[in-house]
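Q: A predicted structure for the sequence below; I have some questions about it.
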Amino acid sequence: MQVQELVGIVPWTFIAQICNLFIQMYLIKRFLFKPINEMLEKRRAAADAEITDAEAAKKEANAIKEEYEQNMQEAKAKANEILESARKTATLQSEKIVKEASEQAAALKNKAEKEIAQLSDYQKQAAIYRHDLRHHMNFIQSCLNDNSYAQAQDYIREICTSLNNSQITRYCANEAVNLILSSYIAKADKYNITTQVSVTAANLADYKPTDLCSLFANALENAINACKLVQTARTSINNSYSSISDTASDYNSGCTSDYGEVNSNRIITVKVFDKNNKLCINITNTYAVEPVFVNNTPVSDKAGHGIGIRSIISVIEKYNGVYDFFTEDGVFYFQACI
């Protein structure tokens, strides 16, 4: 009794408080801690899910990034491959174009040199025949005296053929131009093409013979090829040369001439003259097939054609000249000043 009074604790009361404490703890655990724990667990689970989703998203993002970087590397590699291929192709095509142009230029130069050499041989042969004319006449006279008329006729025919093949017309003081013009005028005659030539230029020696040959030979060859397709008939032509361009208009005044009536629609005219220290060339021809122009330059879709025009332009540009191609009233005009 004394102990209870000193401590102040009643055993039954203590036991009841202990029981009450356990009951309160049970109730708190059941009705307070458990919902809180469940809520915390849900939040933990949600957080874990979010973390898992975030990690998955991060992995996916990293995968997408790696795929993007790989695609970019592949794209760069492909682009570099395409560029390298294009560069190689361009280099090959450039080398091919340069090679073809060089070959064409060399071929045209060789052709010009051969034609000049051949025409020079013809001229030498004609000089030899003129020199030996006295001997030919003596031989013919001997045949006639012996009544060998057939032999005399054969000999005369042979001489005439040789002289015709080597006939050189003197249009100017420049032998190269004479040789070129004589050769192509003879070709024109074979196609019954009327030719009218006037060469008054005095400065032809200032230009290389091979350049003059390329210019005149290609221009006249094109003119003959176009002209020989024209049906022959009796007609007249008024050859009026218009100005090449605004740049070259000073070089083309006074270039009108009326050649009157001729015996064919196949007509080629050539006029070469000096104007303001420039060599002016005007060549015209009739035609049957309408020419096709691209950027004021005649072109052809036939294989091997068009090289002559490029050669003409190359020679003109070499001397910083100007040129023009055009048609008017069924006549093709080529004009140049160099």
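A: Arrived safely, thanks for sending. Residues are numbered from 1 along each chain as shown.

Q: contacting residues for Thr284?
A: By C-beta atoms under 8 Å, 6 or more residues apart in numbering, the contact list for Thr284 reads Ala223, Asn239, Tyr241, Ile267, Ile268, Thr269, Val331, Phe332, Tyr333, Phe334. In this view, the C-beta of every residue, glycine as well, is placed from N, C-alpha and C.

Q: Return the subset of those residues lying in helices.
A: The helices, defined by DSSP state H, take in Ala223 from those.

Q: Let me know the closest of the contacts of Thr284 to Thr194.
A: Using C-beta to C-beta, Ile267 is the member of the contacts of Thr284 that lies nearest Thr194, at 4.9 Å.

Q: beta partners of the closest one?
A: In this entry, Ile267 is beta-bridged to Thr194, by DSSP bridges.

Q: Count residues in the vicinity of it, would you?
A: Close neighbours of Ile267, defined as other C-beta atoms under 10 Å, add up to 24.

Q: With pLDDT and distance to Thr52 as extra columns, can I get the contacts of Thr284 in CSV?
A: Shown next, in CSV, are the contacts of Thr284 (pLDDT from 0 to 100; distance: C-beta to C-beta, whole Å):
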residue, pLDDT, distance to Thr52
Ala223, 94, 89
Asn239, 45, 96
Tyr241, 42, 92
Ile267, 93, 97
Ile268, 95, 94
Thr269, 95, 96
Val331, 94, 91
Phe332, 96, 86
Tyr333, 96, 87
Phe334, 95, 86
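
Q: Among the contacts of Thr284, the buried ones, what's the ChimeraX command?
A: Of the contacts of Thr284, the buried ones can be selected in ChimeraX as follows, counting by 16 or more other C-beta atoms under 10 Å:
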select :223,239,241,267,268,269,331,332,333,334
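
Q: What are the boundaries of the helices in the stretch 151-300 of the chain?
A: Listed in chain order, the helices of the stretch 151-300 of the chain (DSSP state H, counting those that start in this stretch) span 175-190, 209-227.

Q: Give me the buried positions along the first one.
A: The reference is to helix 175-190. Within helix 175-190, the residues that count as buried by 16+ other C-beta under 10 Å are 175-186, 188.

Q: Surely Leu144 touches Ala152?
A: Yes. Counting by C-beta atoms under 8 Å, Leu144 touches Ala152, with 5.6 Å between them.

Q: So for those two, which residue has more residues nearby?
A: When Leu144 and Ala152 are compared for neighbours, Ala152 comes out ahead with 18 against 12, by other C-beta under 10 Å.

Q: Provide a list of residues in contact with the more buried one.
A: Going by C-beta under 8 Å, 6+ apart, Ala152 touches Ile140, Cys143, Leu144.

Q: any idea how the chain splits into domains?
A: Taking automatic domain parsing as the domain assignment, the ranges for the chain are 9-105, 174-337.

Q: I'd like the average pLDDT over the first one.
A: When pLDDT is averaged over domain 9-105, the result is 81.

Q: Pull the distance from it to the chain's centre.
A: Averaging C-alpha positions (C-alpha atoms, centre = their mean, to the nearest Å) puts domain 9-105 57 Å from its chain's average.

Q: Same check on stretch 178-198?
A: 32 Å.

Q: From Glu103, how far out is the residue nearest the centre of the chain?
A: Geometric centre of the chain, nearest residue: Ile97, 8.9 Å, by C-alpha atoms, centre = their mean. Computed as C-beta to C-beta, to the nearest Å, the Ile97 to Glu103 distance reads 11 Å.

Q: Likewise for Asn285?
A: On the measure of C-beta to C-beta, Asn285 and Glu103 end up 29 Å apart.

Q: out of the two, which sits in the more crowded spot?
A: Shown here are Asn285 and Glu103; by other C-beta under 10 Å, Asn285 has more neighbours (26 against 10).

Q: pretty sure the more buried one is in contact with Cys227, am I right?
A: Yes. Counting by C-beta under 8 Å, Asn285 touches Cys227, with 4.7 Å between them.

Q: Give the residues shared as contacts by the two.
A: Ile267, Ile268.
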